[in-house]
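K.L.:
Everything below, folded, please.
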Amino acid sequence: MTRRFFSVSWGMRRSFWTTLVDWKEAPHRKPLLVQGARQVGKTWILKAFGGVHFEKCVHLDFAEDPALNALFKNNLKPARILTDLSIYLGLDISLEGTLLIFDEVQLCPEALTSLKYFYEEFPAAHICASGSLLGLGLSEQNFPVGKVQREWLRPMSFSEFLEALGESPLYESLAQAAETTSAISPPIHDKAFGLVRAGLVHRVPICRTVKLPLAAYAQKNAFMLYLFDTGILGAMLHLDPATIHQYDFGQFKGFLAENAVLNQLFCAGLEPVYTWREGASEIEFLLSSGGRVIPVEVKAGLNTKAKSLRAFRERYSPETAVLLTALGANQMDDGLLHAPLYLAGETLRTL
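P.N.:
Modelled structure (predicted):
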């Protein structure tokens, strides 16, 4: 089994590290723009990456030092910007062997625009920019369209969460079970699900009929909204840690379970995601893969009746359907894959 995690000696492991390594080693690269909500670890991972893979890492934080903005006001000539930065910071900024980071770049639109000119004049340079809310408050003139590589850093996936807790053997066991659709022993399930209980907004379009491509049949003005972080949702519902750990908060369990599953799907790179509604039936998530539509129903508890999933299968006859529950079952039964909630990303990645 190939491990997808990389770590530094003083920090936690993130699968996004592979994205950074691939970008650094690419023979033809653009400046890297790392987007994501606040507090998902953008600054940490870029500085850690710079410390490990480069001789020098120059970190410019436009939130911490607003005076940096003035260095981008005169013109956007990269050579002039580098000279002025060297003088201002008291550093010899040579792009060779250096990672240059523009952090909180949404606070300096000119710095974001300058990435276009850095790409054109210094194509071998390693320049990263990161920021939150980059889609808000910036005009199209500021954005260097086609001149940057855009990547999203998501909140920690369940796999990364296990790694951060030092539960590598547990992760390996669960990943193997997901790949082979093998049974999960009750003690392992209890431990994993106990960790699940201890994750801004995603827009999921609604489909009233199911045909490929799903995007063509999604309703433009009908969609579900999910918070991308399950922890934020718990805080908004005023759920204290003890209540979450006891897993006893009525119908709100379903809300948290759906948000947790959706986050796992995004962390696994399984996008886009849709939902299905028809009559009284509803399927939480629809994925398309290899010319197939895969329905995914989410049950926060132990109930496996899944009436909506049965209705979907009778109407559309999907090759594979997935039912995610609080049970430890991990098996295929006549085209229906039963899997635990915490294996959503690992399971669906293998289908």
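
K.L.:
all contacts plus neighbour counts: C-alpha atoms, from now on.
P.N.:
OK.

K.L.:
So which bits of stretch 67-74 are buried?
P.N.:
Within stretch 67-74, the residues scored as buried using 16 or more other Cα atoms under 10 Å are 68-69, 71-72.

K.L.:
what's the answer for stretch 297-316, then?
P.N.:
297-301, 304, 306, 308-309, 311-313.

K.L.:
Now do the strands in the chain.
P.N.:
32-35, 56-61, 98-103, 126-131, 149-152, 202-207, 218-226, 274-278, 281-289, 292-298, 321-325, 331-333, 336-340 (DSSP state E).

K.L.:
Pick out the shakiest of these, pLDDT-wise.
P.N.:
Mean pLDDT is lowest for strand 218-226 among the strands of the chain, at a mean of 81.

K.L.:
Could you check the angle that strand makes with strand 281-289?
P.N.:
Using axes from the mean of the first three to the mean of the last three Cα atoms, to 10 degrees, the direction of strand 218-226 lies 100 degrees away from that of strand 281-289.

K.L.:
who are the neighbours in contact with W276?
P.N.:
Residues near W276 by Cα atoms under 8 Å, 6 or more residues apart in numbering: 206-210, 282-286.

K.L.:
Serialize the residues you listed to JSON lines and add fields for neighbour count and distance to V52.
P.N.:
Putting these into JSON lines (neighbours: other Cα atoms under 10 Å; distance: Cα to Cα, whole Å) gives the following:
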{"residue": "I206", "neighbour count": "27", "distance to V52": "44"}
{"residue": "C207", "neighbour count": "24", "distance to V52": "46"}
{"residue": "R208", "neighbour count": "15", "distance to V52": "49"}
{"residue": "T209", "neighbour count": "14", "distance to V52": "50"}
{"residue": "V210", "neighbour count": "20", "distance to V52": "47"}
{"residue": "E282", "neighbour count": "20", "distance to V52": "47"}
{"residue": "I283", "neighbour count": "22", "distance to V52": "44"}
{"residue": "E284", "neighbour count": "22", "distance to V52": "41"}
{"residue": "F285", "neighbour count": "23", "distance to V52": "39"}
{"residue": "L286", "neighbour count": "24", "distance to V52": "39"}
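
K.L.:
So which of these is the closest to P272?
P.N.:
Checking those against P272 with Cα to Cα, the nearest one is L286 at 8.8 Å.

K.L.:
which residues does the residue most central in space within the chain contact?
P.N.:
Central residue of the chain (Cα atoms, centre = their mean): R154, 2.9 Å from the mean position. By Cα under 8 Å, 6+ apart, the residues touching R154 are 36-37, 40, 266-267.

K.L.:
the helices in this structure, which residues?
P.N.:
Listed in chain order, the helices found in the chain under DSSP state H are 16-25, 42-53, 78-89, 109-121, 158-164, 168-180, 186-197, 214-217, 230-236, 241-246, 252-267, 307-316, 344-349.

K.L.:
how about the nearest residue to G51, chain neighbours excluded?
P.N.:
C57 (6.4 Å; Cα to Cα, 6 or more residues apart in numbering).

K.L.:
wait, the one you found sits on F102?
P.N.:
No - judged on Cα atoms under 8 Å, C57 makes no contact with F102 at a distance of 11.1 Å.

K.L.:
Just put the strands of the chain in JSON lines and tack on distance to E258.
P.N.:
Converted to JSON lines, the strands of the chain look like this (distance: least, Cα to Cα, whole Å):
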{"stretch": "strand 32-35", "distance to E258": "23"}
{"stretch": "strand 56-61", "distance to E258": "35"}
{"stretch": "strand 98-103", "distance to E258": "32"}
{"stretch": "strand 126-131", "distance to E258": "27"}
{"stretch": "strand 149-152", "distance to E258": "21"}
{"stretch": "strand 202-207", "distance to E258": "12"}
{"stretch": "strand 218-226", "distance to E258": "8"}
{"stretch": "strand 274-278", "distance to E258": "11"}
{"stretch": "strand 281-289", "distance to E258": "7"}
{"stretch": "strand 292-298", "distance to E258": "6"}
{"stretch": "strand 321-325", "distance to E258": "10"}
{"stretch": "strand 331-333", "distance to E258": "21"}
{"stretch": "strand 336-340", "distance to E258": "13"}
